[in-house]
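The following comprises the amino acid sequence and a computationally predicted model.
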Amino acid sequence: MIRPEFRQSLTDQRGAAVILWSCFMISIPVYLVIVRSILGNPKFAAGFSFAETARIVVWILVLVDLGYFAWWKKRYLMPEAVLDETKQAKLLRSLEEYQGPLERRAALAVSTYVTRRVVLFAIVEALAVYGLILALVGHYLQDLYLLSGVSLILLIFEFPSQKSLEEIIRRVEGPGTPATP
C-alpha cells in the first residue's frame, strides 16, 4: 500500500500539470495580441509573396498534427501505456522519496503521465502556432482564429483531471483498491 503522505505527493503532481496546462492556455491569447500589435504596424501590412504556398503547407501540417494528436493520445496516454514499465519516463525529482517497489512504480507511472500530458499539450499548442504563422505571413486572420479556437477547445478537453491521475495510482496499487475521497 502507498503511504498517505507519498500518495499526497503523487496527487500533487497534478498541480504541476495544471500549471503547465495554464501556460499553454495563456499563450494562445498572447499570440492574438502579438498578431494585432504586429499587423497594426504599417511596415508589416503588406504580407509576403509566398503566403499562399505557405498556407497550403501549414494546413497540411495542421492535418498531420491532428492525426499525431489522436495517435499520441491513444498510444501513450491510455492507462495501460502509462503503466507499461518498459516505456516509462524519467522519474520526476519531486517523487524521488518513494519507499519500496510499489511506491516506485507509482512514482514512475505518475511521472510518465505528467510528462506525456505536457507533450500532448505541446502537440495541441502547435495548432495555435500554425495560426500565428499564417497570420504573420499572409494576414490570414480567420485561420489564426480558427486554429487558436481548435487549440483552446482541445486544451480544455485535455485538462489534467484529478480523476485520471487517481485512476493511474489505483491501477498501480492493484484491483480492489478503494478510491480516495
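Right, received. Where do you want to start? Numbers count the residues shown, from 1 in each chain.

list the buried ones in the host helix or strand of Ile19?
In the assignment (DSSP states H and E), Ile19 maps to helix 4-39. Under the neighbour-count criterion of 16 or more other C-beta atoms under 10 Å, helix 4-39 has 6-7, 9-10, 13-14, 17, 20-21, 24-25, 27-28, 31-32, 35, 39 buried. Where C-beta positions appear, they are placed from N, C-alpha and C, glycine not excepted.

what about the following helix or strand past it, average pLDDT?
Heading C-terminal from helix 4-39, the first helix or strand you meet, by DSSP H and E, is helix 51-76. Predicted confidence along helix 51-76 averages 95 (mean pLDDT).

Then stretch 135-148?
The average pLDDT within stretch 135-148 is 93.

Go ahead and name everything in contact with it.
Contacts of stretch 135-148 with the rest of the structure, by C-beta atoms under 8 Å, 6 or more residues apart in numbering, involve 28, 31-32, 35, 38-39, 44-45, 47-48, 50-52, 54-55, 58-59, 62, 127-128, 130-132, 134.

how far is that stretch from where the chain is centred?
Distance of stretch 135-148 from the chain centroid (C-alpha atoms, centre = their mean, to the nearest Å) equals 22 Å.

now do stretch 28-36
Relative to the mean C-alpha coordinate of its chain, stretch 28-36 is positioned 20 Å out (C-alpha atoms, centre = their mean).

Other residues contacting that stretch?
If you take C-beta under 8 Å, 6+ apart as the criterion, stretch 28-36 is touched by 125, 128-129, 131-132, 135-136, 141, 144, 148, 151-152, 155.

Quick one: those as a markdown table, columns for secondary structure and distance to Pro79 too.
Formatted as a markdown table, those follow (DSSP: H, G, I helix; E, B strand; the rest coil; distance: C-beta to C-beta, whole Å):
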| residue | secondary structure | distance to Pro79 |
| --- | --- | --- |
| Glu125 | helix | 24 |
| Ala128 | helix | 28 |
| Val129 | helix | 30 |
| Gly131 | helix | 32 |
| Leu132 | helix | 34 |
| Ala135 | helix | 38 |
| Leu136 | helix | 40 |
| Leu141 | helix | 40 |
| Leu144 | helix | 36 |
| Ser148 | helix | 31 |
| Ser151 | helix | 25 |
| Leu152 | helix | 26 |
| Leu155 | helix | 21 |
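
Now for those residues: which two are most distant?
Leu136 and Leu155 (21.6 Å; C-beta to C-beta).

Sweet, I'm off.
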